[in-house]
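> turn this into a model:
(2 chains)
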Amino acid sequence: MPKTILIADDDPTIIKLLQVNLEMEGYTVVCAYDGHDAVEQAQVEHPDLVLLDIMMPRMDGWAAREALSAIPGLKDTPVIFLSARAQQADLRRGYEAGVAAYVTKPFDPTELLDIIERVLDGNYERPPLGGGRL
Amino acid sequence: MRTQSPDTTEQASLAQAQLAAIVDASDDAIISQTLTGAIVSWNSGAERIYGYPSDAMVGRSISVLVPPGMPDVMPEVLHRMQQGERLERYDTIHATRDGVFIDVSITVSPVRDPSGKVIGAATIARNVTQRQAVARALHETQEKYRTIFENAREGIFYVTSDGQTVAANPALVRLLGYDSVEEFMSDPGHLLGSWMTNHSHELWSRLEGGQGVHDFEMEGHRRDGTKIWVSATMVAVQDAAGSPVTYQGTVLDITGQKGSEASLRRETDEAGRANRAKTEFLSRMSHELRTPLTAILGFGQLLQMGRLNPVQQTESVDNILKAGRHLLRLINESVDIAGIEEGRMAFSLEPVRIGDVVQDAMDLIGPAAEQRGIEINVFPAHADCYLTADRQRLVQVFLNLLSNAVKYNSEHGSITLSCGESKDRGNLTVLVADTGPGIAPELRDRIFMPFERLGAERSGVEGTGLGLALSLQLVQAMGGTIALESEMGTGSTFSVTLPIVDGPVAQLGEISGCGPAPDDAGSAYPPCTVLYIEDNLANLEVMELVLAYRPGVKLISAMQGRLGFDLAKEHQPDLVLLDMRLADISGRQVLARLQSDPTTVDIPVVILSAEAMPGDVDSLLKAGARAYLTKPFQMEVILELMEELLGGPS
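As a prediction, this is how the structure comes out:
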């Protein structure tokens, strides 16, 4: 049975890009356009993995991740942040929030697919935090 | 004659012996002398004080004791004794046998014989040198302290616990704005007391706790009401007798210091804010650049993989192009904003007719508005008003506002463009009103901030989030203001306010003060053709007026640089007048084209510009321009130049 991935991003172009890539790999894709939408969809679809943008209207990625972890059936669902916020402080905050991976935009689709696969298999290790970058 | 009984004789001799013993035991010098000053007796006190033995002194003059060089008052004193007077505790200086000067207090009384006749004087001298020294030292010390008190730069005060001033020095009085200590002391409402009351809690608790107060900073007012900051140092004083507590202290005026501290703090705050704003801008910029790059690289890689179907391929290319254009806009607008902030962006400020600016912006936004079915209504009142602005930049501002009004309008909404003279006369306000959903009051402050799209980023509407930030900066750089009014559910109105100025035609009149053009002045001038490349219609009008003074000139005009160059080639004018700021290519580029084309290289070119940067003038003259004139035009200068380049009346 194909795994379901919930993607949340306020930019429809990015949603489209992710959708094409993930579907080509055989994943079932559920789309959400802000954090609030993502939390609602997750409760219905019970995805195997959530790919969250951070800067989203209504509810940002941080808050969405927080909300998801408070829902019994979803608290163990791995979350990957996919954000154009690429400063070390953001990555650190993401790691501290317990996200499975933090991928910065622009991303390499092949690399992202690789990370997703490894996170789903439970053998992904987050790279250590390095030097700062804007 | 009185008779003495043996009994009385005995008593008398006893009394005499007692008296002699007293005289002998006295610490004071007791000296008797005749009325001429000859010493008769010299007791042991005198021996101790003056160091002379009695036998050395008896028979000598009492004046021996007067130090050399000092006036001898004894003859005068003895003279008075003769009159029966007494001299009580007269302070003077005597010299001892060793030549040491001592302070003495002398009392001189007349000595009478039994008949009552004054026959001599008794001098009692007390050595008061030590006492005098103490007093003198005390006096000297007091004098020193008084000098400090009077001349100190710090205000010094002495007040009772209820705020009554016991003492205040001139510095304190000056510091508080009084002319004299008396004036200060007689003003019951003076400020020391009120400070003490105002700051009572903190002050008293520290003073009563027995601690002094050091460098306690208080703010107050001088006598004339101006603010003053002082630093006070105070101690509570209570003497052993338990008199009421008083407070002594010093006050230093630190108003200036406070002021520089405040301005330093302000500068530091501002620098910090600017720095944070810059970091924030960069961080936002990074985020905003990464988003379209994600699309460009992501779809590019998808295409590279070669697994997309034709529809997906087309979509991918569209997304790449869209993101690329977005990126370009983002970069252009960021560079503009940075340019204004650093003062690098050149503004060509000149009178522009608002009607022309609005029309230009309307022409550019027309297709987009039509596509969305948005109707634009323009109210032409005040269209003939002139504002001081950079024409291109002002068009950019209105294009931004109109573009927002189109993008964020409701379906089949409308836009109203109107003008009105502001309440503060001398300014014109141009209003761009839409019928969109409106902007919530709490979001209105954020709307002019860079990258702030207030949630429009999820609406699918394209935008960099920089348009309003840039518009605000542009308008401010042109000396105007931009504001927003909005009503939820009804729409938003952006207003741009700029100062009204005389149009160039009116300015020409003011500057030149010329009369109307003579009717028949023309015939003498050789006929010629002048090409004026200028995008500001108002300036073209002015040139027509100027040329009325030089009939025989055929004026042709171009509002764009490329067209201007083409017209120059085609018409071969005798003179090209060239504006620097044109919509398509710059005046400098037009000049370069004219100079590099063999058919136009010999046509004289005169630059007319509102900017007069010395560097520009030189480089343009080097590039082939014959002259550089700054706007506003001066009619005589233009006419003289034409005479030089085109020839005078025949």
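> check residue 110 and give its pLDDT.
Going with chain A. Predicted confidence (pLDDT) for residue A:110: 87.
> my question was about chain B
In this prediction residue B:110 is given a pLDDT of 90.
> now do the same for it: helix, strand or coil?
strand (DSSP: H, G, I helix; E, B strand; the rest coil).
> quick check: residues of chain A near chain B?
Contacts of chain A with chain B, taken as CB under 8 Å from any CB of the partner chain, map to A:10-14, A:16-17, A:20-21, A:24, A:33-34, A:55-58, A:84-87, A:104-110, A:134. For glycine as for every other residue, the C-beta is placed from the backbone atoms N, C-alpha and C.
> please spell out the PyMOL selection for the buried subset of those residues.
With 16 or more other CB atoms under 10 Å in any protein chain shown as the criterion, this PyMOL line picks the buried residues out of the residues of chain A next to chain B:
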select buried, chain A and resi 10+11+13+14+16+17+20+21+33+34+55+56+57+84+85+86+87+104+105+106+107+109
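> just the residues of chain A next to chain B: which are in helices?
The members of these that map onto helices under DSSP state H are A:12, A:13, A:14, A:16, A:17, A:20, A:21, A:24, A:109, A:110.
> surely residue B:493 and residue B:431 touch.
Yes - here residue B:493 reaches residue B:431: they are 5.5 Å apart, a contact under CB atoms under 8 Å.
> now do the helix or strand encompassing residue B:563, average pLDDT.
Residue B:563 is part of helix B:561-571 when elements are defined by DSSP states H and E. Averaged across helix B:561-571, the pLDDT comes to 91.
> same question for stretch A:27-42.
Mean predicted confidence for stretch A:27-42 is 93.
> give me the low-pLDDT residue ranges for chain A?
By pLDDT under 70, the low-scoring segments of chain A are A:130-134.
> all the strands of it, residue numbers only.
Remark: strands assigned in chain A by DSSP state E are A:4-8, A:28-32, A:49-52, A:79-83, A:101-104.
> tabulate those strands (TSV), appending distance to residue B:205.
Formatted as TSV, these follow (distance: least, CB to CB, whole Å):
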stretch	distance to residue B:205
strand A:4-8	59
strand A:28-32	61
strand A:49-52	56
strand A:79-83	55
strand A:101-104	55
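> quick one: closest of those to residue B:222.
strand A:79-83 (58.9 Å; CB to CB).
> which other helices and strands contact whichever helix or strand comes after the helix holding residue B:563?
Once the chain leaves helix B:561-571, the next helix or strand it forms, by DSSP H and E, is strand B:575-579. Under the contact criterion of 3 or more CB pairs under 8 Å, 6 or more residues apart in numbering or on different chains; DSSP states H and E, strand B:575-579 touches strand B:528-533, helix B:561-571, helix B:587-596, strand B:605-609, helix B:635-646.
> name the surrounding residues that touch strand B:575-579.
B:528-536, B:539, B:543, B:564, B:568, B:587, B:590-591, B:594, B:603-609, B:625, B:642, B:645-646 (CB atoms under 8 Å, 6 or more residues apart in numbering or on different chains).
> same thing but at 6 Å, please
B:530-534, B:568, B:587, B:590, B:603-608, B:645 (CB atoms under 6 Å, 6 or more residues apart in numbering or on different chains).
> out of the residues you listed, which are buried?
Of the contacts of strand B:575-579, these count as buried by 16+ other CB under 10 Å: B:530-534, B:568, B:587, B:590, B:603-608.
> helix, strand, or coil at the residue positioned nearest the centre of chain B?
Compute the mean C-alpha point of chain B, and by CA atoms, centre = their mean the closest residue is residue B:263, 7.3 Å away. Classification of residue B:263 by three-state DSSP places it in helix.
> can you pull the pLDDT of it?
The model's pLDDT for residue B:263 equals 83.
> from chain A, how far off is it?
Noted for residue B:263: a distance of 33 Å to chain A, by CB to the nearest CB, to the nearest Å.
> look at residue B:479 and give its secondary structure.
coil.
> what of residue B:497?
Applying three-state DSSP: residue B:497 is strand.
> just give the closest residue to it, not the sequence neighbours.
residue B:429 (4.5 Å; CB to CB, 6 or more residues apart in numbering or on different chains).
> can you give me the neighbour number for the one you found?
Residue B:429: 19 surrounding residues under other CB atoms under 10 Å in any protein chain shown.
> kindly report the same for residue B:535.
Going by other CB under 10 Å, the residues that sit close to residue B:535 add up to 23.
> you'd agree it is up against residue B:584?
No - counting by CB atoms under 6 Å, residue B:535 does not reach residue B:584; the two are 9.0 Å apart.
> output the buried ones among the contacts of strand B:575-579 as TSV; include the columns distance to chain A.
Shown next, in TSV, are the buried ones among the contacts of strand B:575-579 (distance: CB to the nearest CB, whole Å):
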residue	distance to chain A
B:530	53
B:531	48
B:532	47
B:533	43
B:534	43
B:568	46
B:587	38
B:590	40
B:603	51
B:604	52
B:605	47
B:606	48
B:607	43
B:608	45
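> can you lay out those as CSV showing distance to residue A:42?
Formatted as CSV, the buried ones among the contacts of strand B:575-579 follow (distance: CB to CB, whole Å):
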residue, distance to residue A:42
B:530, 74
B:531, 69
B:532, 68
B:533, 63
B:534, 63
B:568, 68
B:587, 60
B:590, 62
B:603, 73
B:604, 75
B:605, 69
B:606, 71
B:607, 66
B:608, 66
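> can you list the residues of the stretch 551-650 of chain B near chain A?
Contact residues (CB under 6 Å from any CB of the partner chain) of the stretch 551-650 of chain B with chain A: there are none.
> isn't there a helix covering residue B:252?
No - counting by three-state DSSP, residue B:252 is not part of a helix but strand.
> and it, what does it touch?
Per CB under 6 Å, 6+ apart, neighbours of residue B:252: B:154, B:231.
> distance check, residue B:414 against chain A.
Residue B:414 is 27 Å from chain A, by CB to the nearest CB.
> let me fix that: residue B:433
26 Å.
> which helices and strands does the one helix or strand that residue maps to pack with?
Assigned by DSSP H and E, residue B:433 falls within strand B:427-434. Packing partners of strand B:427-434 (3 or more CB pairs under 6 Å, 6 or more residues apart in numbering or on different chains; DSSP states H and E): helix B:391-407, strand B:414-421, strand B:491-501.
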